[in-house]
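1. whatever this is, show me its structure:
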Amino acid sequence: MIFQPQAITPVIIKVVPPPTQEVSIVSVVLGALGLTGLIAIAAIFAGILFGIALILFKRWKERRNPDEDTLGTRLDLSSR
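-> Numbering: from 1, shown residues only. Predicted coordinates for the structure are as follows:
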């Protein structure tokens, strides 16, 4: 008797990923508000830094050239 190998039938296993969490309108709105708040805080912080830099630059320029009066404009509004 001659040994005849039997045909092997392949077994296919399909791996199913776990279900994703459902996204609701509330989570979308909260995410958008969070991003908007982050951008607003960054803009406020950048504005404060820019304002401080302008004030320090003005003071530095006044100390450097105290005789120059080019930083302001006189309106001469006095009644004398």
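
2. when you work out contacts or count neighbours from here on, use the C-alpha atoms and nothing else.
-> Noted.

3. so what's the predicted local confidence for the spatially most central residue of the chain?
-> Of all residues in the chain, the one closest to the mean position by CA atoms, centre = their mean is Ile39, 5.1 Å from it. Looking at Ile39, its pLDDT is 96.

4. kindly report the same for Ile48.
-> Ile48 is assigned 98 on the pLDDT scale.

5. kindly report the same for Asp76.
-> pLDDT, Asp76: 72.

6. which strand or helix spans it?
-> Counting by DSSP states H and E, no helix or strand carries Asp76.

7. ditto for Leu49
-> Using DSSP H and E, the element containing Leu49 is helix 25-64.

8. same check, this time on Ile12
-> Assigned by DSSP H and E, Ile12 falls outside every helix and strand.

9. what's the neighbour count on it?
-> When counting by other CA atoms under 10 Å, one arrives at 6 neighbours for Ile12.

10. per-residue confidence for it?
-> For Ile12, the predicted pLDDT is 88.

11. ramachandran coordinates for it?
-> Backbone geometry at Ile12, expressed as degrees, to the nearest 10, gives phi -100, psi 120.

12. that one and Pro19, how far apart?
-> 21 Å (CA to CA, to the nearest Å).

13. where does this structure have low pLDDT?
-> Applying pLDDT under 70 to the chain flags the ranges 1, 67-74, 80.

14. go with 50
-> In the prediction, the chain carries no residues with pLDDT under 50.
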